[in-house]
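Undergrad: A predicted structure for the sequence below; I have some questions about it.
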Amino acid sequence: MAMEREVVYSVEHFYPKHPEHPIAPLTAQSHGYFHEEDLEKTRLMIAGDDTGSIDKLLAGESDISMDAHPAMIIEENAKGKDVYIVGSYRNGLPFSIVARPGIINNPQELSGKRFTTSRRFGVGERTVRATCRKLGIDPDKEIELILIPERGTYEKIEALIAWRADFGIYHHDAEGRIVRDLIDKGELVEVIDLTTLFPYYITRSMAASGRMIRERADLLKAFLKGVMRAQQFMHDEDPMGQDALSILKQTLQVDSLAGSRYQNGRPEAWPLRAVDVIASPEGVRAHVEEVKAAGKIPAAFSAANVLRNEPGLKALEELGLTHQAEGRRLAV
């Protein structure tokens with residue numbers, strides 16, 4: 001359990017797999033934003049895969065998860081577990097589907113094709129399943145999955161070019177430069193940019209226990225305010241991540257991040273602002289419907305059961321940034 005004015009936050013993984021997941025709170029700590037919000041100390045914990053983030057929240061070992069899978073939070077909440085979505089690591093789905101030229105001319109032609117991914121039920125497969133359902137395609141009957149275990153971007157691209165698979169998915173930030181170079185050369189084509197299909201989808205969510213919400217609401221709000229300020233700083237002042245690069249080196253106590261996509265800063269400009277810390281109810285509802293369709297939660301379950309945006313909305317108001325929410329429906 002954290003001390004009186006301390007918040008322990010977790011991420012599934014840190015470096016080298018997901019160096020960006022804790023960068024907002026690390027930036028908030030480095031720039032003194034947490035201290036200015038009367039948050040004396042923050043501590044980063046690595047939770048690991050699967051239910052690690054949820055387990056640590058419920059055990060009182062951590063206060064906030066920065067990158068919990070929304071579907072997992074929804075399932076556990078529906079089982080009566082005292083865990084809730086309190087924010088978003090990112091609203092929107094920053095992926096595109098790519099294919100070899102001449103194979104898939106429009107999204108509807110994904111039906112009957114082979115999809116390559118490196119992890120069963122990982123974010124790639126879950127994203128393609130959601131995309132297919134949105135397009136009226138049955139992913140279990142109309143898509144063949146080609147698994148390339150424990151391999152990365154280059155191996156998935158090689159499977160496409162070698163005709164072992166027909167289409168794949170890439171992350172705009174993590175893999176964007178590599179894949180766009182191949183698109184520019186005519187070796188791959190973009191079938192659909194999923195940010196247009198799912199503008200408010202939540203890839204990862206920030207989560208907290210009910211006890212944190214009920215008994216330590218002031219610290220939860222302080223933490224969210226610090227993260228919001230860090231997001232806004234990175235968006236406005238450090239879009240290509242030179243400050244973030246310095247913070248990561250200091251945190252990891254290394255001189256270089258060679259071999260990672262962060263070795264010279266961010267591969268793409270930081271797209272998130274303070275308002276993006278607040279989870280989109282539409283995005284949560286999309287996950288609820290997916291989990292409901294799989295028969296894992298009751299038909300009566302809704303986003304209102306699991307989403308707690310009040311601390312984030314209050315934090316945004318106190319920062320004087322409510323204008324960023326214009327045109328968005330953020331209240332449940």
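TA: Good, I have the coordinates.
Undergrad: so Gly226 touches Asp38, yeah?
TA: No - using Cβ atoms under 8 Å as the test, Gly226 is too far from Asp38 to be in contact (10.4 Å). Backbone N, C-alpha and C define where each C-beta goes, glycine included.
Undergrad: quick one: which of these two has more around it?
TA: Gly226 (26 against 10; other Cβ atoms under 10 Å).
Undergrad: grab the nearest non-local neighbour of the more buried one.
TA: Taking Cβ to Cβ, 6 or more residues apart in numbering, and ignoring the residues beside it in sequence, Gly226 has Ala28 as its nearest neighbour in space, at 3.7 Å.
Undergrad: show me where the stretch 1-150 of the chain has strands.
TA: Secondary structure of the stretch 1-150 of the chain (DSSP state E, counting those that start in this stretch): strands at 6-11, 41-46, 64-68, 83-91, 95-99, 114-117, 144-147.
Undergrad: and the ones you listed as TSV, adding mean neighbour count, mean pLDDT and distance to Gly52?
TA: As requested, those are arranged in TSV below (neighbours: other Cβ atoms under 10 Å; pLDDT from 0 to 100; distance: least, Cβ to Cβ, whole Å):
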stretch	mean neighbour count	mean pLDDT	distance to Gly52
strand 6-11	22	95	8
strand 41-46	17	94	8
strand 64-68	27	94	9
strand 83-91	25	90	13
strand 95-99	23	93	24
strand 114-117	22	91	22
strand 144-147	14	89	23
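Undergrad: how about these in TSV, adding distance to Asn305?
TA: Shown next, in TSV, are the strands of the stretch 1-150 of the chain (distance: least, Cβ to Cβ, whole Å):
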stretch	distance to Asn305
strand 6-11	23
strand 41-46	27
strand 64-68	16
strand 83-91	9
strand 95-99	27
strand 114-117	31
strand 144-147	31
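Undergrad: closest to Gly312 out of the ones you listed?
TA: strand 83-91 (5.3 Å; Cβ to Cβ).
Undergrad: same for the closest one, what does it pack against?
TA: Judged by 3 or more Cβ pairs under 8 Å, 6 or more residues apart in numbering; DSSP states H and E, strand 83-91 is in contact with helix 52-58, strand 64-68, helix 70-78, strand 202-209, helix 210-215, helix 217-236, helix 281-293, helix 310-318.
Undergrad: any idea how many residues pack against the residue nearest to Gly226?
TA: Neighbour tally, Ala28, other Cβ under 10 Å: 25.
Undergrad: find the centremost residue of the chain, please.
TA: When Cα atoms, centre = their mean is applied to the chain, the residue found nearest the centroid is Arg204 (3.1 Å).
Undergrad: retrieve the pLDDT associated with that one.
TA: With respect to pLDDT, Arg204 scores 88.
Undergrad: ok, and the closest non-adjacent residue to Ile192?
TA: That would be Pro107: by Cβ to Cβ, 6+ apart, it lies 4.7 Å from Ile192.
Undergrad: that neighbour: neighbouring residues, count only.
TA: For Pro107, the tally of surrounding residues (other Cβ under 10 Å) stands at 17.
Undergrad: is it true that it touches Asp193?
TA: No - with contacts defined as Cβ under 8 Å, Pro107 does not count as touching Asp193, sitting 10.4 Å away.
Undergrad: against Gly122, how distant is the nearest residue to Glu318 once chain neighbours are set aside?
TA: In this structure, Glu318 finds its nearest non-sequential neighbour in Lys225, 6.6 Å apart by Cβ to Cβ, 6+ apart. Distance of Lys225 to Gly122, computed by Cβ to Cβ, to the nearest Å: 32 Å.
Undergrad: please identify which of the two sits among more neighbours.
TA: Lys225 (25 against 11).
Undergrad: domain boundaries for the chain, per the record?
TA: Domain assignment of the chain by automatic domain parsing yields the ranges 6-91+201-325, 95-197.
Undergrad: quick one: end-to-end distance for the last one.
TA: Think domain 95-197. Between the opening and closing residues of domain 95-197 lies a distance of 10 Å (Cα to Cα, to the nearest Å).
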